[in-house]
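In: Pasting the sequence and the predicted model now:
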Amino acid sequence: MSPAKYLLSSVVIGSAIVGYAAATRNEARKHADQIVAMRDSVSTTTTDSTTPNSDSLGGGYLRATINGRGWEATEMTPDMGRGSSLVVNGRNSSGFLNFNIDGTNTEVDKPRVFRKTSPVMYWDENNETWWGTKGEAVVTKVDAQWIEGKFHFTAEKNGQQVVGENGEFRVPSRPGVLPSSNGS
């Protein structure tokens, strides 16, 4: 290939890459703006992570007993995506907790088993990551405003365990979520 053709090919390929990156950045920026707008529209409170707070996200919550100690999210990120799963995600001063539930065809009282391909992820106060592949989440109520449920999990690593019990959540519903069959 002649140097002129090589230079022209490089310019065309480089322009295509820059154009793709710019489009991706624009999409990422739009998505980030949507997240910020949603965050700003929902009131959040910050509490001592050892003190239960029944209203940690404008009526939403994520809490459990983890290894015998109360854990409650003081901040939650609403999932405004339109995919087939909905992320339940919260954090406090000692870590993070998240897992997925069905998002568009949510079935009430049907257990969703945690497994290797869809675990509970828990980050503890030591920045250790735990993957809970045993346990389940059960949606107990769905309406136009909220999706509520219960969960429990066990995570094992290097001969140690993290056990999450008596978990409960309430997260904002989103457009397209079908109402529950229990008349809620």
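Out: Arrived safely, thanks for sending.
In: mean confidence for stretch 131-148?
Out: Averaging pLDDT along stretch 131-148 yields 92.
In: How about the spatially closest residue to residue 136 that is not a sequence neighbour: which residues does it bridge to?
Out: Among residues not flanking residue 136 along the chain, residue 111 sits closest, at 4.4 Å (Cβ to Cβ, 6 or more residues apart in numbering). All C-beta atoms are positioned from the backbone trio N, CA, C, and that covers glycine. Using DSSP bridges, the bridge partners assigned to residue 111 are residue 138.
In: swap in residue 101?
Out: For residue 101, the beta-bridge partners under DSSP bridges are residue 86.
In: That one and residue 131, how far apart?
Out: To residue 131, residue 101 is 17 Å away according to Cβ to Cβ, to the nearest Å.
In: Which one's more surrounded, these two?
Out: residue 101 (21 against 15; other Cβ atoms under 10 Å).
In: residues contacting that one?
Out: Neighbouring residues of residue 101 by Cβ atoms under 8 Å, 6 or more residues apart in numbering: 85-86, 88, 112, 137, 139, 147, 149.
In: For residue 148, what are phi and psi?
Out: phi -120, psi 150 (degrees, to the nearest 10).
In: Okay, domains of this protein per the record?
Out: 1-41, 46-172 (automatic domain parsing).
In: my read: residue 140 touches residue 148, true?
Out: Yes - Residue 140 is within contact range of residue 148, at 5.4 Å (criterion: Cβ atoms under 8 Å).
In: More neighbours: which of the two?
Out: Neighbour tally, residue 140 and residue 148, criterion other Cβ under 10 Å: the higher count belongs to residue 148, 20 against 16.
In: Across the sheet, point out what pairs with the more buried one.
Out: Counting by DSSP bridges, the residues bridging with residue 148 are residue 141, residue 170.
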